[in-house]
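[1] okay, sequence plus prediction incoming.
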Amino acid sequence: MINIHPKTYNEALRLSRCTELKMYVPKITDYMIEEMYHFISDNHNNIIVINGRNMANPNGVVLFIDADGNEVKNYFVEVSSYLNKIKIGASVYHVQRYEYSYSD
């Protein structure tokens, strides 16, 4: 159970963005969601980037990137097959999915 009680609209929006990750990262834990929420709340320039699967990495990876662009922490996670990348911050929420084209 997530133990965060937002007091402002921006805090509620940040929490909503973090909890929406369960759609793309089904096995993400509440602890990780809380950790991400606090990380992007600590500095409005901190961001979380979740990269989808690729040939080099069969799982996805969650990267905690600080305001200076340094990778502070990472977690390897199982992500949905259609996910390419997610970027979350105090003022950004961007989901990039793989585009598939089918031909006859």
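    Good, I have the coordinates.
[2] residue 12: neighbour count?
    By other C-beta atoms under 10 Å, 13 other residues sit near residue 12. C-betas here are computed from N, CA, C, even on glycine.
[3] what helix or strand is it on?
    Using DSSP states H and E, residue 12 sits in helix 9-19.
[4] put the alpha carbons of the helix or strand just after that helix into PDB.
    Downstream of helix 9-19, the next assigned helix or strand under DSSP H and E is helix 30-42. C-alpha atoms of helix 30-42 as PDB (Å, rounded to 0.1, in the frame of the first residue of the first chain):
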ATOM      1  CA  ASP A  30       4.700   0.200  -4.000                       C
ATOM      2  CA  TYR A  31       8.100   0.800  -2.500                       C
ATOM      3  CA  MET A  32       9.500   1.700  -5.900                       C
ATOM      4  CA  ILE A  33       6.600   3.900  -6.600                       C
ATOM      5  CA  GLU A  34       7.100   5.800  -3.400                       C
ATOM      6  CA  GLU A  35      10.800   6.000  -4.000                       C
ATOM      7  CA  MET A  36      10.200   7.500  -7.500                       C
ATOM      8  CA  TYR A  37       7.600   9.900  -6.100                       C
ATOM      9  CA  HIS A  38      10.000  11.200  -3.500                       C
ATOM     10  CA  PHE A  39      12.900  11.400  -6.000                       C
ATOM     11  CA  ILE A  40      11.000  13.700  -8.400                       C
ATOM     12  CA  SER A  41       9.600  15.700  -5.500                       C
ATOM     13  CA  ASP A  42      13.000  16.400  -4.000                       C
END
